[in-house]
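Engineer: Next input, structure requested:
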Amino acid sequence: METKDSNGKVLNDGDSVQLIKDLKVKGSSLNYKRGLVVKNIRLTDDEGEIECRDGKSTIVLKTCFLKKV
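Structural biologist: Predicted coordinates for the structure are as follows:
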C-alpha cells in the first residue's frame with residue numbers, strides 16, 4: 001500500500017508536507033492556512049490519511065489536501 005500526495009508523489013514516515021488549501025479543524029476553532037508546512041508525518045492504515053503533531057495534540061489530515069516538500 002502506497003500513500004500518495006495530491007500530485008502523486010509517494011509519502012513516507014518522517015516526510016514534510018505542505019497544505020494546498022485552507023482547512024478548518026473539526027471540533028475545534030483552529031484553522032490551518034494554505035502553505036503551512038507540517039514536519040515529521042506518520043502514515044496510517046488508511047492510504048488517504050496521515051497523522052501529524054500540532055503541539056500536544058495529534059491531528060489526521062487527508063492526503064488530497066497535501067503536497068510533499
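
Engineer: got the contact list for the residue positioned nearest the centre of the chain?
Structural biologist: Closest to where the C-alpha atoms of the chain average out (CA atoms, centre = their mean) is Leu61, at 4.2 Å. Going by CB atoms under 8 Å, 6 or more residues apart in numbering, Leu61 touches 17, 19, 23, 38, 49-52. The way it works is simple: take the backbone N, C-alpha and C, and place the C-beta from them, glycine included.

Engineer: Quick check on these: which are buried?
Structural biologist: Buried members of the contacts of Leu61, counted by 16 or more other CB atoms under 10 Å: 17, 19, 23, 38, 50, 52.

Engineer: Which of the residues you listed fall within helices?
Structural biologist: Among those, no member falls in helices (criterion: DSSP state H).

Engineer: I'd like those residues laid out as CSV, including pLDDT.
Structural biologist: Formatted as CSV, the buried ones among the contacts of Leu61 follow (pLDDT from 0 to 100):
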residue, pLDDT
Val17, 97
Leu19, 97
Leu23, 94
Val38, 94
Ile50, 96
Cys52, 94
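
Engineer: Which residue ranges of this protein form strands?
Structural biologist: According to DSSP state E, the chain carries its strands in the segments 17-19, 23-24, 31-32, 37-38, 42-43, 49-54, 57-62, 66-68.

Engineer: Chain neighbours aside, what residue packs nearest to Leu36?
Structural biologist: Leu19 (4.8 Å; CB to CB, 6 or more residues apart in numbering).

Engineer: same question, Thr44
Structural biologist: Glu51 (5.8 Å).

Engineer: hang on, the one you found packs against Ile41?
Structural biologist: Yes. Counting by CB atoms under 8 Å, Glu51 does reach Ile41; the two are 6.9 Å apart.
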